[in-house]
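# I need the structure of the sequence given here:
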Amino acid sequence: MSRATITLPNDLLAELMETVDAKSKTDAVIKAIKHEIRMGRIEKIKKMAGEMEFVKTAEEIRHGDKRLG
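Alright, predicted model coming up:
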């Protein structure tokens, strides 16, 4: 784990801790960073909408695996 020194406004940090239900400042920042990374990944997936071509239907994917019997 890395250590970093950052300067944050007290009111912003207090609001973050309350919003993410964190018990410590570190926990609050970690939760916020993880959330931001997750939201970025979701946006990337949304931008791919309509760009991928699927050759099987959802039904075929769900039930078409012959190996499963």
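
# Look at the spatially most central residue of the chain and tell me its secondary structure.
To find the centre residue of the chain, average its C-alpha atoms and take the closest one (Cα atoms, centre = their mean): that gives residue 38, at 1.7 Å. When classified by DSSP: H, G, I helix; E, B strand; the rest coil, residue 38 comes out as helix.

# One more: residue 55?
coil.

# got it, and the one 4 residues further on?
For residue 59, the secondary structure call by three-state DSSP comes out as helix.

# how much space between it and residue 52?
Residue 59 sits 18 Å away from residue 52, going by Cβ to Cβ, to the nearest Å. Where you see a C-beta, it was placed from the backbone N, CA and C, and this is true even at glycine.

# what does residue 22 give?
Counting by Cβ to Cβ, the separation of residue 22 from residue 52 is 37 Å.

# These two - which one has more neighbours?
Neighbours of residue 22 and residue 52, each counted by other Cβ atoms under 10 Å, are more numerous for residue 22; the result is 17 against 6.

# mind checking which helix or strand the closest residue to that one other than its chain neighbours is in?
The spatial neighbour of residue 22 that comes closest, neighbours along the chain excluded (Cβ to Cβ, 6 or more residues apart in numbering), is residue 28 at 3.6 Å. Using DSSP states H and E, residue 28 maps to helix 25-47.

# what does residue 2 give?
Element membership for residue 2 (DSSP H and E) is empty, with no helix or strand holding it.
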